[in-house]
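S.K.: heads up, no residue letters with this:
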């Protein structure tokens, strides 16, 4: 398929490479152009503006930093909305607000373009290995059309609805659940350590029984070892995701006391100098409060 | 092995039956004696007092309601401590406080008896199927000695330390983690439902990816369906477990903000008439607060 | 003094009247022009745009709904910034974000105008009675120059610093403290009522001893009586103020767990149909959770 | 009146002296007998057991450390219950649980003795100056009978009901409100300081306007100065009071989220080495979390 790919960060680059491996023809755009070189060397066409990447494409994929970046590459001047052909589809795969997903739904409809929201779960290593988990929402036929692209980038696609913003609700809620796992492990290991129990024995019980899920294995190991290096997902990005969950919930008038608590943990971590640490380092707040 | 079994509630009865199936000779005691009849029919000897169940036993297992019951059957008059032979072992398998585990450790040592704390994870159906998960702590040789008994009742035994109360810390912390999972699912599904996303689609994403663990499957299904029948574990017992976690943490001077939050949810649920409901019904507080 | 007054809501109208009583010459502006009639009848000049209200003024006072309104009347097209004479002073008295106070500080400096931030504490009845409490920040000489205006509107002016946004920090923090008083009374009276103690007896103890302050008298009476009519300050405005406190704190990386808790209470109250009620009606969440 | 006074700590000694100044005849008891010497020098009779202090008394006053101490001096062997004459009155003035107040109500009734619960608000300096605030509950005629004693020790007596435990509910709820004031000041001053506003200016606004109450003056000064010396009320005692509030609320099935939050602050403060500091030092947790 002829695909315009916008946004070549750690995640986007890996995803674009996997699309090329699967035989798709890519035109790539990135704000910092040097990041396009690697893809160009693999045969991708480089576009100077997001609009040029969208011109003539059957599909564009956006994988950019935040709402502002989505606005800039899709809705701004020389951006994708104006040049994407009618009938083509925009697949928004980065984490963004439910509110902007709704705006994009309207904007593409007005242009007779299609829109699928398909945010991903997974860190850069999963992107690299084409093992992302994709939550997609949009018109059924359009999702079917995008399936070969999803298959090239992920291990599994969950279709969560026909209204694109549903996928973003799923994504921000899923991320919220991850932060709760981290905080619950933090408090648990504070108690385990302070009472003299071996953290690794406790971790064995968890992942060997009721909590035998990837998320407990990944974060359990970090928290048990009190070691948050290397940084997989920065605290500042974690705060952004927390804000997305709180914003979606505020719009819907839904209190999320756990998200509020985690917001305060992340703020404290930031104030105490952990703004560049992995977001799991909020565990250190629990450790400090326990006098460890 | 010659085993005295004290406490024949839903859990205890199933565990005792599995021990008999494995060929162990049981003398059983229960406060309400009618509950012993079923075991007697299978060949167990019935003891009129906990002391008589312990007399001449190689091991006794306690599986009773709470700290007070443990005190009564082990430390009270006509209780096990005085009649259990020196060199025999007491295996405490019910959920109890870290504090009483410490008292029992001392009491048995003074009598030259052995003590292993081995609380279990699992509901009555897991007990029935000999699929309990056991967290055991105590002297290495004594745990080895008890292993055939554990194998008859559980699917897996985790040895978490040599100091018996360590197992109770692990148990109350594990239960705390379960309550956090419930509360996090409650808040998540409140948001999912209020924004019009299909709860089952969201559940599919969770258990099909990062949260693919028994605990999310069990409680995710209940919360997604807003159906907490039949009652597997009553709110009142949940509050007891929550108190055990908070007490262990208070003794160790460890704040557990999530446990505090869940305590307040359980109190609200109780005040609102859900004291006899399954503890997962705390989700209804989140649903109410979201105006659902 | 020749004063341009922008914003004639319940608060602004009363303040403007008091300035006229004190002999100041007012040119008034309001988005909905009908609200200017009353002032015109008292001798005020009516301006059709905020810019016209500022032209030739020695001072302008803004008393508008929110940040967007401040932006519109000061920084927008036909707005005050462009027509206010150099050397004149803008006194911003409505509740607004610390961030916009900072923007205004810069904008006026660039135009050689002066800027004083002077938000007020007090409900419409206090504005009417010229009993507002004013927290002012700005250059010392400018505050001295504004003092006759403050004296015409308020009972007391506190100078809190020379940097204008300081006054907004004081205001949003003060409002935060008020919401904590409400929530603490809510929880207290839930306990008092549920244990069968007479709420009025408890209220007598509070306001007759350690808590003998206006804020406990005002809200204590409402919460004790479980009566939140008439509406003095709407929940929606309370949420706005709560957001201002959380935003100022987030910018400064300061966790405010109490503000987070109150945010969730206000969201729940909104979801449960109390969006138009007095903000003190969050007490009803505590009452519901206690099963009252 | 012929009064037996049990418990001569800092509070009790001052109260006993004030009773003697007012002409009452005291027989005093204290566990550590050396503390009775000062009162003996002023003319008090010293009793070796609580029972001897109660024998022949018209009224006994208990002012001891906690529930266990109340049990010991009233309900234990050689204690007051057995020797206090029928028709005499026990006035319990120390802070104790609602549960034990209920037990005492029953115990005295069975002995045809009277019981008035009358806990006090105020630190040792207020006790010294006979400026305590007293919340009394019990039979109307008995409170009238005790009034001269109250007048000798306090500045004001609030009668809060006829059922003695009501006074303890009022006391623990009042103390809960004090802790909320401290925590709210802590968070506020964290924000004030981090944004560069002068804490004393903010304090002036508070106590000069809406928050003009003794409690804000006392704790506002401590928190603004980040100075918690000298220790007026120890963290460990604060935790005890917090537990009393949470226990009363749990018995009544009333969630108190603010009390839960403060419990966690006090636990963190204790874990971080502030167990012997003034309870207002929980403010330091907010300061640390803000990176101050």
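M.R.: Received the coordinates, thanks. The model shown is predicted, which means the values in this text are computed figures rather than measured ones.

S.K.: for the stretch 151-292 of chain A, what spans make up the strands?
M.R.: Here the stretch 151-292 of chain A has its strands, by DSSP state E, counting those that start in this stretch, at A:154-161.

S.K.: Show me which residues of it are close to chain D?
M.R.: A:194, A:264, A:267-268, A:271-273, A:285, A:288-291 (Cβ under 8 Å from any Cβ of the partner chain). The C-beta positions use only the backbone N, C-alpha and C, and glycine is treated the same way.

S.K.: give me that answer again for 10 Å
M.R.: Selection of the stretch 151-292 of chain A residues close to chain D by Cβ under 10 Å from any Cβ of the partner chain yields A:190, A:194, A:257, A:261, A:264-265, A:267-273, A:285-286, A:288-292.

S.K.: What's the ChimeraX syntax to select whichever of those are buried?
M.R.: Selection of buried members from those for ChimeraX, criterion 16 or more other Cβ atoms under 10 Å in any protein chain shown:
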select /A:190,194,257,261,264,265,267,268,269,270,271,272,285,286,288,289,290,291
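
S.K.: and the closest residue to chain C within the stretch 51-200 of chain A, how many neighbours?
M.R.: The nearest approach of the stretch 51-200 of chain A to chain C comes at residue A:183, 13.5 Å away (Cβ to the nearest Cβ). Neighbour count of residue A:183, defined by other Cβ atoms under 10 Å in any protein chain shown: 26.

S.K.: show me what contacts it?
M.R.: A:219, A:223, A:258, A:261-262, A:265-266, A:280, A:282-283, A:285-286, B:180, B:184, B:257-258 (Cβ atoms under 10 Å, 6 or more residues apart in numbering or on different chains).

S.K.: for those residues, which one is nearest residue D:4?
M.R.: residue B:257 (45.3 Å; Cβ to Cβ).

S.K.: Report the spatially nearest residue to that closest one, omitting neighbours in sequence.
M.R.: residue D:264 (5.2 Å; Cβ to Cβ, 6 or more residues apart in numbering or on different chains).

S.K.: ditto for residue A:205
M.R.: Leaving aside its sequence neighbours, residue A:205 sits nearest to residue B:158 (Cβ to Cβ, 6+ apart; 4.6 Å).

S.K.: helix/strand/coil for the closest residue to residue A:30 other than its chain neighbours?
M.R.: Leaving aside its sequence neighbours, residue A:30 sits nearest to residue A:8 (Cβ to Cβ, 6+ apart; 4.1 Å). Each residue gets one of three states, and residue A:8 gets coil by DSSP: H, G, I helix; E, B strand; the rest coil.

S.K.: What is the neighbour count of residue A:8?
M.R.: Around residue A:8 there are 27 residues (other Cβ under 10 Å).

S.K.: Can you give me the pLDDT of it?
M.R.: At residue A:8, the model reports a pLDDT of 97.

S.K.: That one and residue A:62 touch, don't they?
M.R.: No. Counting by Cβ atoms under 10 Å, residue A:8 stays clear of residue A:62, with 11.3 Å between them.

S.K.: Overlap of the contact sets of the two?
M.R.: The contact lists of residue A:8 and residue A:62 share residue A:29, where a contact means Cβ under 10 Å, 6+ apart.

S.K.: ok so, going back, what is the residue nearest to residue A:205 paired to in the beta sheet?
M.R.: Judged by DSSP bridges, the bridge partners of residue B:158 are residue B:135.

S.K.: what sits against it?
M.R.: Per Cβ under 10 Å, 6+ apart, neighbours of residue B:158: A:201-202, A:204-206, A:208-209, B:118, B:121, B:133-137, B:167, B:170.

S.K.: what packs against the helix or strand of chain A with the lowest mean pLDDT?
M.R.: Scoring the helices and strands of chain A by mean pLDDT, DSSP states H and E places helix A:124-128 at the bottom, with a mean of 93. Where contact means 3 or more Cβ pairs under 10 Å, 6 or more residues apart in numbering or on different chains; DSSP states H and E, helix A:124-128 is packed against helix A:10-21, strand A:154-161.
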